[in-house]
Structure formats: C-alpha cells, structure tokens
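[1] model this:
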Amino acid sequence: MSAHSSGSCSSGSSGACSSGSQVNEVWIGDTGATHHMTSDLRNLTIAHPFESSKSITIGNGEGLHIKHIGSAIITPADHTFKLNNVLHVPHLAVNLLSFNKLCKDNHCFIVMDDVDICVQDKASKALLYKGKSNGEGLFLFKTPNLTQPYNHSHTAFIGSAVKSTIWHQRLGHRSPDIVSRMLSQSRITYNNDTSTHMCVDCLSGKMHRLPFSESVSQSVSPFQKIHSDLWGPAPCLSVEGFKFYVTFIDDYTKFVWIYPLINKSDTFSTFVKFYNFVSTQFHILIQSLQTDGGGEFNSKAFQSFLDSKGILHLITCPYTPQQNGVAERKNRHLVETCISLMSAAKFPKPFWFHAVAHSSNLINRMPCKSLLYHSPYFKLFGVLPDLKSLKVFGTACYPYLRPYSHDKLDPRTTMCVFLGYALGYKGVFCYNIEHHKLWMCRHVIHDESTFPFKCPPSPPCASAPSSPSSVAFSTSPSPSPASLPTASISSGHSSMLPVLTSDQLQVVLPCEPVSQPSAAIPALADGGGVSRDASSSSSESSDSMTNGDISNNDLPSDSDNGGLPQELVFVEDQAQAYNNHSMLTRAKNGIVKHKTFQDYCAYSCVVQQGLIDELAYFSGFSAIMDIQDPIEPKSFRAAASIPEWDEAMYEEIDALLKQGTWELVPLPKAKNIVGSKWIYKIKKNPDGSISRYKARLVAQGFSQEKGLDYDETFSPVVRHSTVRLVVALAAMNKWELRQLDVKNAFLHGDLREEVYMVQPQGFVDSKHPDHVCLLKKSLYGLKQAPRAWNEKFTNFLPALGFQFSHYDPSLFVKHSEKGVIILLLYVDDIVITGSDKESIEAVITELSEAFDMKDLGSLSYFLGINVQYKTTGILLSQEKYAKELIAKAGLETCRECVSPCLPHVQLLKNDGNPLANPTLYRSIVGALQYLTFTRPDIAFAVNTVCQFMSTPTDVHFASVKRILRYIQGTLSKRMFYKYGNGVPYINAYCDADWAGEVNHRRSTTGFIVYLAHCPISWQSKKQGSVSRSSTEAEYRALANTTAEISWLRHVLCDLHIRIPAPPLLKCDNLSALALCSNPVFHSRIKHLDNDFHFVRERVQRQDLLLQYVPTEQQTADIFTKGLHSPLFKSHCSNLSLVSPTEIEGRC
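    Sure thing, here's the model as predicted:
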C-alpha cells in the first residue's frame, strides 16, 4: 500500500478494509508499504490532523481516507523503535509496519528468510530484534500498549485553536516534532501552520553549517584540475631549513607532488616551476587550480600568471576548508604516514621533511579506492610501479665507502641510516650519525631489522672514513657498525617519483660537479649543484662487492663513476676543480680544510627526458644543512601562531596585571609615549635541552628622553671574582649553595617618573583601544628599570639583618651568633650560602613572601656556568656556552690543537687582509671574554685578539679560530674547588712580559690569586704605558696584583672572615722584589712614585709578604705569553683545571 492522491493506484501488501476499529498492538511487517499505517489513533504518541487530500490505495483500487498523521513507538523486544509519519487510517483492518521506513528512521537493516527475521544496527552491527514468521508468511511485531486511551469526549474548545507557531514561541522555539509531541501528550488541539512559517529567531540562534554533498564533478584527463594546499609552519625547522611544504594533487590520477618551502611567499615561484614541469614532461596544460583563500595563492603575481596561462582559479569560501577537501585530506594522509615512519624509526623531529618526502613516494604507489584500487602511479603512467627496491625507511644501511678511506686499513663501510632515494641517480641517501655525513651510494646493503636512531649501540672502536667535503650537521650519537647482517643489497633502482624542490634556495657558494653527470638525466638550468664525485679510478670502478648470497647481476648500470658513493661537495672556486698545474697542493694530496656553510642548503632538480623509468628515480632533495635549534621569533606575528609562544605571552601578561604594572589612561597631550615590544627567549638546561619558552614584554627605552621620563640609570652587578670567592668559601667550609630566581624582577621596582607606554601588541583593550599605559612599576627595557629593581631589593635586605659590602655593592652579609649568611645578587639571580642552614631557610621564606621568586634548590646553573658537586669538591664549567660558541663559528668538527696560541708568535696590527664584515669576529671575541670566567688558560690568547677589534684581519681571525680549536679539544676541562682546608690564606703569582706587544711595545701584566688552593682572581692585560726596563714592567705587575689582593682582603673583612697570615705574593724578578724592600733603584724609576709607595708601604707594614719563585714555577707566566705545550699543560694543572675523569680518579 502507499499514500497517493485520489485516483492514483499503487501495488502494496494486501490489507483488508474494515469499518470497525479496535485496539490492536500487533504490527505486520510489510516490504511494499510506503508508510507506517494504523487504524487506532491510540497507537500514536503524537498526532495532528492530516491536511492533504492524499489517500491510501489498496489492492482492489479502493482509496482509504487518512485522518491523522503522527509518531509512534514500538518495543517488540528489548529495543525500542521509533516510527515517524505514521498514518492514521480508520478503515484499515491491521497495523502495517513499513520495512523501508523502519530502517530509515532507526538507522538499521533487516536480514530475513522464509522463517526468521533479524534487525541490526548499521554502525555497530548490534542485534536489535530477532523474530519468526507466524506460519503464514507474516512477520508480526507485538508490543505492549503504553499509550493512554485518547478520550475524545473530554475535548473542548474556547474560541479557535491556537496556531502551532504560537506554541513554538511559547515553548522556547523548539522543533516542530517536539512541539507536536508535547501537545499530543497533553491532548491539546492546535492548528498546524508550520509549513509556511520560517522562524528568523531560530535561525539566529541555531544556524549551523549546512551538510556537504558529494562532489559530482570528476576530471576526465590528467591535469584537468589541480588541487593545492600549503602545510605549515612545522613545529621545528627541517634539517634543510624548511618550515612549510606545498602539495599539488592531480584530480584525475590523485598523484601528489610536494615542494618544500622556507617562506609562504615562495609558493608562487614554486607553482611556476610545477607548471613548467608539467607542460614540458607531459605536454599538457593545467586547466584549473583549486586552492583555499590564503594570501600565498592570491598575490597579484600569482593571479597575473594564472590569467596569462588561462588557468581557472577555484577558491574556497572563507572558513570552508571542506571545499578543498582533496588537498586537505592528502595533507592529513602525508602527515599521518610521516608520523608513523618517524615513530617507528625514532627519528628526531628535524628530519620531518625526509619522512614526508618518502611518504609521498609510497602514497603515489598505493592502490586507491576512488581509483578502483589502481595506484596514482598507474593512472598517470599506465604501468605498474616497481616495488622490489623499496626498503624500510629509517633502517640501517651499509654503503661502500672505500673511495673515501684515508688509508688501506680503514673500514670499507659503517652503519648509516636509510633516508630515501637519491636525486637523479640510481642510488640511495645514507646518513652517518657519528660523523654527521650524508652519502649517496649505489652499493648499499640494507638491514631492515635495525633502526639506528631507535637503539643506538655503544660507540664504535673504528670510525668511518670521513671527508671534509661532506655536508655536516649535528644530531645524536652514532651507532656502531656491528657485524653485517644477512641482508639484501640495494641498487637504488627505485621507482621513486618526483618530490620537487624549490629553486629559491640556490646555495650561495657555487656547487660545481667534478665530473659531468650522465647525459641521460639532464639537470635543469637553474637547478644548482650537487653532482657526482670526481675521482673514481678504473681500478675502483672494477671493484665488486661479494658477500654470501648477495648478487649484483640484476642491478641497472650507472654512469661514469661505477655507482660509488657520492658525497655532496662544495667547491669554492670553479678553477679548483681542474687544477692541472704541476704544483703539489694539499688538494692533490687529499688534504682539504673543513668548511661549513651555515644556513645554506645545496640541491638540484633532475627530471626525465622523455623516459618514465628515468623520472622514477627523481627525488626532491640532495643535501642537508646543519640541524638548527628551535628558532626564537623576531616578531609578534611570527610568535602568535606557535602555541608555546602564545602561552608564554599570556603568562607574561598575567604576571604584569597581577603586579599592577600599569593602568590604562587616555592619551595625554605633550607627553612622550614609549613603545613596547615582545622579546622571545628559549631558556635551556645545562645539557642543552629546552627548559621553557619565555616571552618578555619590554618597553622601547630608546625613545625615552633624559630628564623627562628618566634620570639615573646605573645599577651595580656582582664581580666575577666575588662569585668565585664565595664558591671557594663554600667549598672550603662545605657550605650548601642555594639558588633563587626572582620572577619578573624589574616589575617589583617602583617608578618615580611619569612614563607612558603604548598597549602591548596582541593585547589591546577592546573597550579602550586608544588608551595608553601609565606605568606604575619598572618594566624591562626602561632605562631606569635595573636601578629601580636594585634599589627595591637592596633597601629591603637591611630589614632582614643584611649589610652590603663596601667593596662590592652586590654582595650582602648577615652575621650573627649562629653564623654567617652570604647573599650574591646578579640582576634577578640570587645565590645564598653560609654556615647557618636554619637562618638561610628563614631568609628564603621571608624573601619569597616579599617578592615573587622561585627556590631552585642547590646552585646548579648560574650566569651560564654549570655547577657540579663531587665527593671531593665543586666543579665549575661553561661547556654548554663553549659548544654554542664553537657552533656559532661553524667549527663543530674542527681539528683540535694543544694550546690556544703559538709561542713566540706576535700579531701585527696590519698583518693580513681586513675582514669585509668584522661582526662575527667581534661577536666571537666578546663571547670568549666571558668564557674566561672559568677558563683562565685562554686569558692571554683572548686578551691578544681583543686588541684588534676595530679593524680585524684574516690573520687575526685565524688566531681566534685556534682558540676555538683548543676549546673544542678541552671542552671537558672544569675549574675545581676542593672541599675542606678551611684556613683562608691568600697567595698569589704575578709576572710581566716586557715589551711583548710589538705594535706599541707595551708590556703585559699577568697575575693569579688563590684562596687556599682555589683560584679566585686572575688577569691578563696590556699595561697602560711603555716600560723602560723589565724591572719597571714587573714592578707595575706587582702593584696591580697588590691592589687586587688588597681588595680581596677588604671583601673578606666585610664577610667577617679573618686572614690568619699576611698574603704571600710570588714574583720571578729579583730587582722588582728588591724595590719593594729598599729604594736602591729609586732614582731610575722616580716616575713610578705612586706605585712604589703603594707596594712598599704594605710590605713594611707586614700586610704583604714577597717571595721569589723560579721562572719555570711561575704560574702567572701563562697570562703573559704563549708557551710550549709541556710547560703550558703544567701551568694548567696549577690553575685547578681538571677533567671529570681526573676527579673520579682522585676519588
């Protein structure tokens, strides 16, 4: 049966007509009924009059009148089924259940035969109902009658019935089904007028996205329509320096090409390259391009190019990525596969683009359901992809490295990591973790059961052959090449299709091939430069690899070099590649000075020349640059899109508001307005790992005017010698060193001046966007901020019983009957130590109540210095700082040297060619000065190169590199302060190198002062004037050292620490010592009158003892001149510079 207009006919199940009606709780399943039908109105839970003229047509052609329509619920078993649009037909003999409507309304399906029937849920396949036929071929659904009788006798109307739209508003804009159900349950009659009513208020409150229908348009040929999308920014830079990649997907074949990008703005040039690639290789023009509305696709240059080529640009609606679903889904597929590959191989995140590139190669070969289980590769090229050469990504591989061996006893291979298939060659990329080198090789043995990044074994006893021309970058330690497993050899003959790279990253230094590549695989004219190695000899080419069952007979042949492994070679000058002259050079002997080119990536683009099999070897990159740490954003715009920096900015704003840093006021007239800026800094742990992301809002103090919004700015900081003195006292007395960190220290300082600042970017008050911030607290960046904080803190300490030292204003001491407490202040870092632990805890508690600070526990990392505690003493190290400095200079893999400077070598001011850009020189030398905090062994060398900061030359820079090479070889050296020996006696060494500085013939002063056995102060400095004799130079050095000793004694006096004996000063010049005791040479050095009386006075008062020391025992000699290696090492041991292994041996 079915509902039709009068006069129509329809086939249906045979149901008898009856004029009577009775309560019937049995429903008969009917496969031909178009609607559920019942003769009893009481079976409906919701009912309203049926206003249409349609009727029910039965088998004999008779039409039955429909009186009501509504909803019903049946529960034939444990599950309840809802029945919508049930027709009330009074003259129907039975209740009919439409199987079609039942499945549609309840999201289920029916399985039945001649005896049994089962109803199951579509999603979960759960069984909802199971029944049997009644023997007559009918399936009966019996359900209890849960509805109350519909009593027509009690219905009454007062006036006309209320319209359903009024009830819709009365009931809070509920849906018509809910309104109808509620009114039917309450037996309220109403007029249904919802068919012509649209409630605008419902739309304003309930409007949502409309469902998307499946796309009916489908391309009929390749490149008729291209889908594209930009992915990124990545959470970290790739090893090549990429942050983004753009995909191009052919709608017909679903083949995907990916291009890595550094900036979004490179999208246009990348599309131009892709367009040229398609038109050249496939002789087809792209007809339409589907993208989102991003600015990278809507630039004027992009639109002009599309218009010139007649390409239709289809753009998604704003905030509707579903319209670009093909590209969005492909990006998801790529990233999911990438994560799976990296998770399986435990790859570091900077290798993400390698994994994405390999993922695209695999996806292009996977059967696709939308392509009737053909692969995109098959749809594009018409041939099945070759899967025989596929290997597990990230597994171990062993390339043939004999051509790179330094001698005949070097190993011929080492364990590497398989990174994919090589560019334009029938080979693979092999990355060595230990030496950070990338080789391209044809002869490779794969071990697909080992993941080098996943389970790195112990360091190897024999290293792999290294070549200084390899591209280097830092990563984790290398696994050892254990025994070669039984594995298959890879010829690199893969069907890897193009992962195209962009040509905006041409390497700055030209990359020239040593031998021309094969003519069968031409490089693009603008592809730039990676090529095969030069020197494969005929004997090497004839070498073959034999290993058990390994066979190379079926490997495809390569070009000239016999498939030997390729290293990526940078050639600074093209002429160097063809040095056919007779001169014997280092290059001809295989000696190449290691060079690193930071922030550059070399690669080229190789495409097919009409051959699909050659195109199959196309990869997308061929060189990798140094791994970079997560970068610190330079602008708010760059940081706002990164969750870590976004969270850090909110934390900073919350802290500022909590401190009451400012209040918003209208913009005053005739007032100087200071700008504001976000500064981003990555805080690191001593091991180099990231501790936290710190965003700091700073005022742009450069716009302040003196006398108007600031006055005094000076703020003292603790001296380095004071820090070492306190650490030495703690070691000698075995005191605990505690560290505190003041959160947003400058915010605690009170401003005396009236300073106005613009609202911080990204956090402008929406109610008062034109207001400015009237600063109540000192803010970072203000010229007076450090002074305001220092005054606030130092004025608070006397309330706790502290007194400041008169000789170092950042040193505070609290002395009581229980003991002494020492406090060091360096801006917002605080170090506390002393003999009374209980009083120290009380001080920390009181400071924490007054200021927002964090107790960091024992001192571990202070001012870039790592503090380690051993059983015998304390170690101070700047290893992390030194490594960063070496990396900044690009000398991570440099050759070490035994001393920081050569003996008897003088640097001339004009020696060599001036540096074109001396910025790097000045930056490195300035950083080296701070490294002398714990490395007195480099003090003289650093003082020497500091004298050429104005106009440095390449010769001076070579001296700087030597210092860095020495540091590279002595990174493990630490300053050692031994526990015990609590007697604080002072002894010192001083020396001078007369006229050792050849440019001005001035002498160099050097001294070192010890507290017990702990070195606490040292200096290497050129004297202020020319000395007429060695005695005069030595006497000046004595005077400088005496002044330093005098200052240290005063500091110790402030700390209430008594020196049991006068300081002992040792010098190796007898004439200078004689001057301190009697005026025998006074007539010849009368111009040194002040220095003479200064030293002599202390000697006569027995405040200073002098002693002669032989030159070979003069420790201060290391601060005045370059020394030969044996003597230099001997003095280094006297400076308490040790390695951790030496400390363990002493323990």
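[2] Now find how far off-centre the top strand by length along the chain is within its chain.
    Identified as the longest strand of the chain according to DSSP state E is strand 986-997. Mean C-alpha position of strand 986-997 versus that of the full chain (C-alpha atoms, centre = their mean, to the nearest Å) differs by 48 Å.
[3] Number the residues from 819 up from this point.
    Sure, I'll start numbering at 819, so the last one becomes strand 1804-1815.
[4] Now it: average pLDDT?
    Strand 1804-1815 shows a mean pLDDT of 86.
[5] Remind me what whatever helix or strand comes next after that strand packs against, helices and strands.
    Next along the chain after strand 1804-1815, taking DSSP states H and E as the criterion, comes strand 1820-1829. Judged by 3 or more C-beta pairs under 8 Å, 6 or more residues apart in numbering; DSSP states H and E, strand 1820-1829 is in contact with helix 1538-1551, helix 1757-1763, strand 1804-1815, strand 1832-1840, helix 1848-1872. Heads up, the C-betas are built off the backbone N, CA and C, glycines and all.
[6] which secondary structure elements does the shortest one contact?
    Think helix 1757-1763. helix 1737-1749, helix 1772-1787, strand 1820-1829, strand 1832-1840.
[7] Nearest to Ser1676, out of those?
    strand 1832-1840 (18.8 Å; C-beta to C-beta).
[8] The closest one pairs with which strands?
    strand 1820-1829 (antiparallel) (DSSP bridges).
[9] Can you check what pLDDT the model gives Leu1945?
    So, for Leu1945, pLDDT stands at 87.
[10] next one: Leu1883
    91.
[11] Identify the residues contacting the host helix or strand of it?
    For Leu1883, the host element (DSSP H and E) is strand 1882-1885. With contacts defined as C-beta atoms under 8 Å, 6 or more residues apart in numbering, strand 1882-1885 is touched by 1803-1809, 1852, 1855-1856, 1859-1860, 1863, 1891, 1922-1927, 1932.
[12] moving C-terminal of that strand, what's the next helix or strand?
    Moving toward the C-terminus from strand 1882-1885, the next helix or strand (DSSP H and E) is helix 1888-1895.
[13] can I get the CA coordinates of that following helix in CSV?
    Output in CSV follows, covering the C-alpha atoms of helix 1888-1895 (Å, rounded to 0.1, in the frame of the first residue of the first chain):
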residue,chain,number,x,y,z
LEU,A,1888,114.7,39.9,41.9
SER,A,1889,115.1,43.6,41.0
ALA,A,1890,111.4,44.2,41.4
LEU,A,1891,111.4,42.4,44.8
ALA,A,1892,114.4,44.5,45.9
LEU,A,1893,112.5,47.7,45.1
CYS,A,1894,109.7,46.6,47.5
SER,A,1895,112.2,46.4,50.4
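[14] on that earlier part again, in PyMOL, how would I select just the buried ones from the contacts of strand 1882-1885?
    A single PyMOL command selects the buried members of the contacts of strand 1882-1885 (16 or more other C-beta atoms under 10 Å):
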select buried, resi 1804+1805+1806+1807+1808+1809+1852+1855+1856+1859+1860+1863+1891+1922+1924+1927+1932
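[15] Show me the domain layout of this protein.
    What automatic domain parsing lists as the domains of the chain is 820-968, 980-1024, 1043-1199, 1204-1358+1375-1396+1409-1448, 1458-1681, 1798-1885+1887-1926.
[16] List the residues that contact the residue nearest to Ala941 when sequence neighbours are not counted.
    Nearest in space to Ala941, with sequence neighbours left out and distances taken as C-beta to C-beta, 6 or more residues apart in numbering, is His925 at 7.0 Å. With contact taken as C-beta under 8 Å, 6+ apart, His925 is in contact with Asp939, Lys940, Ala941.
[17] which one in those is the model shakiest on?
    Within the set of those, pLDDT is lowest for Ala941 (85).
[18] A strand includes it, no?
    No. Counting by DSSP: H, G, I helix; E, B strand; the rest coil, Ala941 is located in no strand; its state is coil.
[19] can you tell me how far it sits from Phe927?
    Noted for Ala941: a distance of 11 Å to Phe927, by C-beta to C-beta, to the nearest Å.
[20] Enumerate every residue touching Leu1565.
    Per C-beta under 8 Å, 6+ apart, neighbours of Leu1565: Ala1473, Leu1474, Gln1477, Thr1479, Lys1595, Ser1596, Leu1597.
[21] So which of these are in helices?
    Mapping the contacts of Leu1565 onto helices (DSSP state H) picks out Ala1473, Leu1474.
[22] Export the contacts of Leu1565 as JSON lines, with columns for pLDDT, neighbour count and distance to Thr1663.
    Listed next are these as JSON lines, based on pLDDT from 0 to 100; neighbours: other C-beta atoms under 10 Å; distance: C-beta to C-beta, whole Å:
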{"residue": "Ala1473", "pLDDT": "83", "neighbour count": "15", "distance to Thr1663": "21"}
{"residue": "Leu1474", "pLDDT": "85", "neighbour count": "19", "distance to Thr1663": "26"}
{"residue": "Gln1477", "pLDDT": "79", "neighbour count": "17", "distance to Thr1663": "21"}
{"residue": "Thr1479", "pLDDT": "84", "neighbour count": "21", "distance to Thr1663": "26"}
{"residue": "Lys1595", "pLDDT": "82", "neighbour count": "21", "distance to Thr1663": "24"}
{"residue": "Ser1596", "pLDDT": "78", "neighbour count": "28", "distance to Thr1663": "25"}
{"residue": "Leu1597", "pLDDT": "81", "neighbour count": "28", "distance to Thr1663": "28"}
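[23] Lowest mean pLDDT across the domains of the chain, which one is that?
    domain 1204-1358+1375-1396+1409-1448 (a mean of 53).
[24] The contacts of Leu1565: which two are farthest apart?
    Between any two of these (C-beta to C-beta), the greatest distance is 13.8 Å, for Ala1473 and Ser1596.
[25] What ranges does the stretch 969-1118 of the chain have for its helices?
    For the stretch 969-1118 of the chain, applying DSSP state H, counting those that start in this stretch gives helices covering 982-988, 994-1003, 1018-1024, 1085-1099, 1118-1127.
[26] who wins for proximity to Lys1244 among those helices?
    helix 1085-1099 (19.1 Å).
[27] If you count neighbours, what's buried in that closest one?
    Thr1085, Phe1086, Ser1087, Thr1088, Phe1089, Lys1091, Phe1092, Tyr1093, Phe1095, Val1096.
[28] now stretch 906-925
    Result for stretch 906-925 [16+ other C-beta under 10 Å]: buried residues 906-917, 919-920, 923-924.
[29] Next, the distance between the ends of it.
    Length of stretch 906-925, first residue to last, C-alpha to C-alpha, to the nearest Å: 24 Å.
[30] distance between it and the chain's centre?
    With C-alpha atoms, centre = their mean, you get 61 Å for stretch 906-925.
[31] just the helices and strands packed on helix 1757-1763: most buried one?
    Highest mean neighbour count of those: strand 1820-1829, a mean of 25 (counted as mean count of other C-beta atoms under 10 Å).
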